[in-house]
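*Asks:* Here is a sequence together with a model predicted from it:
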Amino acid sequence: MENNNQLIEQIYTGCLAQGAYYIESNGEAAVIDPLRDVDSYIAKAESRGAKIKYIFETHFHADFVSGHLDLAKKTGAPIVFGPNAKPTFDAIIAEDNQVFKVGDLEIKVLHTPGHTMESSCFLLIDDNKPQSVFTGDTLFIGDVGRPDLAQKAGKLTMEDLAGYLYDSLRNKIMTLPEEVIVYPGHGAGSACGKNMSKETVSTIGEQLESNYALRADMTKEEFVKEVTEGLTTPPAYFPMNVKMNKEGYDNIDEVVNHGMKELNAAEFEAVANASGALILDTRDPQEFAKGFIPNSINIGLDGQFAPWVGALIPIDQELLIVAEEGREEEAVTRLARVGYDKSLGHLKGGFKTWLDSGNEVDKIESVSASEFANRIKNNKDEIVVDVRKSSEYKSEHVVDALNIELDYINDHMAEFPKEKHFFVHCKGGYRSMIASSILKSRGYENFTDVDGGFDKISEQDVPKTDYVCPSTL
């Protein structure tokens with residue numbers, strides 16, 4: 001939104017389902033919740049003849065590494081947190097209702113503990129009138145922030161945090177004028193909530209009407225029960241991201257430069273053998289299936305790349321990258337956004353370099369949904385493993401299919417059949433190839449991936465049901 005020498009821009013990163021914000025008025029700018037690769041914010045300000053005056057952080061993020069520190073070093077702008085924040089670096093710890101001037105605009109701090117205790121929203125005021133509110137992980141479109149990430153043993157439970165969140169929403173957010181625009185920190189696909197909309201902008205009035213957590217007649221007890229029900233285990237990398245955001249991290253330029261080290265096939269193999277690094281192949285799933293370096297894990301760039309890396313790979317794991325030629329820097333940068341800083345280099349020229357060297361190559365059998373349908377019709381004993389989330393599985397699935405969620409595959413490897421052949425599928429083919437690559441790396445050979453997943457299977461004459469057999473859960 002731009003008018004009267006003012007600009008409010010949502011910079012949305014789909015693979016992280018994350019919204020950062022650039023605000024500008026009369027030559028002064030502010031950035032809210034920047035990603036770690038900050039040069040785009042600096043370039044935007046410079047192109048418009050503006051100076052970044054403040055960097056606002058809604059809280060210590062768990063799902064990505066913020067760019068607050070690098071942006072502050074490159075621009076000299078101070079970092080602003082809400083009350084209760086205790087970073088180990090210099091920052092302004094604002095008071096509740098403190099106001100910051102950006103050109104002709106005012107940005108007011110609204111302390112909204114609940115998701116975390118330092119969580120704050122930022123209310124944009126123009127000519128004494130509230131215009132928009134940047135809600136971070138306090139309020140999403142259709143949902144609110146999960147209250148289980150900042151629990152402290154013996155001090156705070158998720159029920160305690162949910163109670164704080166209830167009060168914050170009702171005292172600070174729901175009292176705003178209904179026309180105030182809501183700009184959240186995340187949209188659908190983020191693990192920071194459980195029921196987020198695909199929409200990334202709304203209004204207070206719309207949320208009062210449609211958001212289950214903002215019902216006017218909702219008691220605190222009802223709120224606590226509803227927002228704490230159905231929470232999945234957060235990705236294992238979350239605590240490390242919080243630590244990095246609170247205590248600091250290496251400069252992203254140095255991290256990317258290290259990961260951009262080019263290795264020929266012999267060097268790549270030598271580093272892999274010497275370091276024990278995991279080989280991460282970021283190519284398209286079906287390209288990966290046709291041929292890959294043995295023991296590689298496939299997580300494609302054209303999908304929820306960083307969140308799946310975070311869910312399945314330890315954050316301190318050293319990595320070697322195989323990428324489509326020309327996309328190596330993208331892979332390293334997107335890894336760094338979620339704190340994966342130990343990329344040792346990439347295979348120069350991509351997989352073709354490995355293939356041309358004559359080194360050993362592995363493959364994964366992948367069939368179309370129609371071939372899958374024919375094979376299970378002709379063999380009633382075929383086993384089908386569905387790696388979608390349990391909620392997806394419950395909505396509809398192949399009759400008698402086992403549900404082993406990709407999110408928790410490392411904890412449930414023993415549930416995959418070892419002696420009999422089985423098929424693996426997800427919704428569209430992205431997650432099933434991740435699962436297939438993990439199975440291959442663990443020595444499984446007795447399986448076949450279904451290209452196109454349940455989206456294509458649903459078009460076939462295959463027995464399907466929405467009934468959930470308890471024995472398969």
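*Replies:* Noted; the coordinates are in hand.
*Asks:* Surely Gly136 touches Ser120?
*Replies:* Yes - counting by CB atoms under 8 Å, Gly136 touches Ser120, with 7.1 Å between them. For glycine as for every other residue, the C-beta is placed from the backbone atoms N, C-alpha and C.
*Asks:* Need the residues touching each of those two.
*Replies:* Common neighbours of Gly136 and Ser120 (criterion: CB atoms under 8 Å, 6 or more residues apart in numbering): Thr58, His59.
*Asks:* Are we agreed that Pro87 is in a strand?
*Replies:* No - if the criterion is DSSP: H, G, I helix; E, B strand; the rest coil, then Pro87 is coil and not within a strand.
*Asks:* what's near enough to touch it?
*Replies:* Phe60, Ile79, Phe81, Lys246, Glu247.
*Asks:* If any of the residues you listed are buried, put those into a PyMOL selection.
*Replies:* For the buried members of these, the matching PyMOL selection, counting by 16 or more other CB atoms under 10 Å, is:
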select buried, resi 60+79+81+246
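*Asks:* Reformat the contacts of Pro87 as CSV; add pLDDT and distance to Glu206.
*Replies:* Converted to CSV, the contacts of Pro87 look like this (pLDDT from 0 to 100; distance: CB to CB, whole Å):
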residue, pLDDT, distance to Glu206
Phe60, 97, 29
Ile79, 98, 31
Phe81, 98, 29
Lys246, 97, 34
Glu247, 97, 38
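*Asks:* Quick one: mark the members of the contacts of Pro87 that sit in helices.
*Replies:* Those of these mapping onto helices are Lys246, Glu247, per DSSP state H.
*Asks:* which one among the contacts of Pro87 gets closest to Gln460?
*Replies:* Gln460 lies nearest to Phe60 out of those, by CB to CB, at 47.1 Å.
*Asks:* For that closest one, list the residues it contacts.
*Replies:* Phe60 sits next to Ala85, Pro87, Thr116, Glu118, Val242, Asn245, Lys246 when contact means CB under 8 Å, 6+ apart.
*Asks:* rerun at 10 Å
*Replies:* Going by CB atoms under 10 Å, 6 or more residues apart in numbering, Phe60 touches 66, 81, 85-87, 116-119, 149-150, 241-247.
*Asks:* Now, of those, which are buried?
*Replies:* Buried among those by 16+ other CB under 10 Å: 66, 81, 85, 87, 116-119, 149-150, 241-246.
*Asks:* and which of those is nearest Leu208?
*Replies:* For those, the nearest to Leu208 is Ser119 (20.2 Å; CB to CB).
*Asks:* so how far is Pro130 from the nearest residue to Ala369 once chain neighbours are set aside?
*Replies:* The shortest distance from Ala369 to any residue other than its chain neighbours is 3.5 Å, reached at Lys456 (CB to CB, 6 or more residues apart in numbering). Noted for Lys456: a distance of 48 Å to Pro130, by CB to CB, to the nearest Å.
*Asks:* show me what contacts the spatially closest residue to Glu382 that is not a sequence neighbour?
*Replies:* Once flanking residues are discounted, Glu382 sits nearest to Ile376: 4.6 Å by CB to CB, 6+ apart. Contact analysis of Ile376 by CB under 10 Å, 6+ apart lists Glu382, Ile383, Val384, Val398, Val399, Asp400, Phe423, Ile457, Gln460, Val462, Pro463.
*Asks:* tell me the secondary structure for Ile376?
*Replies:* helix.
*Asks:* again, but for Glu24
*Replies:* strand.
*Asks:* Pull the contacting residues for the nearest residue to it once chain neighbours are set aside.
*Replies:* In space, and not counting its chain neighbours, Glu24 is closest to Leu7: 4.3 Å by CB to CB, 6+ apart. By CB under 10 Å, 6+ apart, the contact set of Leu7 is Met1, Tyr22, Ile23, Glu24, Ser25, Ala29, Lys44, Arg48, Ala50.
*Asks:* again, but for Gln460
*Replies:* Contacts for Gln460 (CB under 10 Å, 6+ apart) come out as Ser368, Ala369, Ser370, Glu371, Phe372, Ala373, Asn374, Ile376, Lys377, Val398.
*Asks:* Using the three-state scheme, assign it.
*Replies:* coil.
*Asks:* how near is it to Lys377?
*Replies:* Counting by CB to CB, the gap from Gln460 to Lys377 is 9 Å.
*Asks:* follow-up on the earlier one: among the contacts of Gln460, which are in helices?
*Replies:* Those of the contacts of Gln460 lying in helices (DSSP H): Ala369, Ser370, Glu371, Phe372, Ala373, Asn374, Ile376, Lys377.
*Asks:* got a pLDDT number for the second one?
*Replies:* Pointing back at Ser370 there. Looking at Ser370, its pLDDT reads 97.
*Asks:* Now it. Nearest residue, chain neighbours left out?
*Replies:* Counting by CB to CB, 6+ apart, Ser370 lies nearest to Gln460, which is 6.1 Å off, once chain neighbours are set aside.
*Asks:* distance of that neighbour from Phe454?
*Replies:* Taking CB to CB, one finds Gln460 at 10 Å from Phe454.
*Asks:* repeat for Cys192
*Replies:* In terms of CB to CB, Cys192 sits 26 Å off from Phe454.
*Asks:* The residue nearest to Gly205 when sequence neighbours are not counted: how many residues sit nearby?
*Replies:* With CB to CB, 6+ apart as the criterion, Gly205 has its nearest non-adjacent residue at 3.1 Å, and that residue is Glu178. By the measure other CB atoms under 10 Å, the count of residues near Glu178 is 12.
*Asks:* in a strand, that's where Glu178 is, yeah?
*Replies:* No - under three-state DSSP, Glu178 sits outside any strand and is assigned coil.
*Asks:* Model confidence score at it, please.
*Replies:* For Glu178, pLDDT reads 98.
*Asks:* Who are the contact partners of it?
*Replies:* By CB under 10 Å, 6+ apart, the neighbours of Glu178 are Thr203, Ile204, Gly205, Glu206, Gln207, Leu208, Glu209.
*Asks:* Quickly find the element holding the fourth one.
*Replies:* When elements are defined using DSSP states H and E, Glu206 is found to belong to helix 204-210.
*Asks:* helices and strands around that helix, which ones?
*Replies:* Contacts defined by 3 or more CB pairs under 10 Å, 6 or more residues apart in numbering; DSSP states H and E place helix 204-210 against strand 129-136, strand 139-140, strand 181-184.
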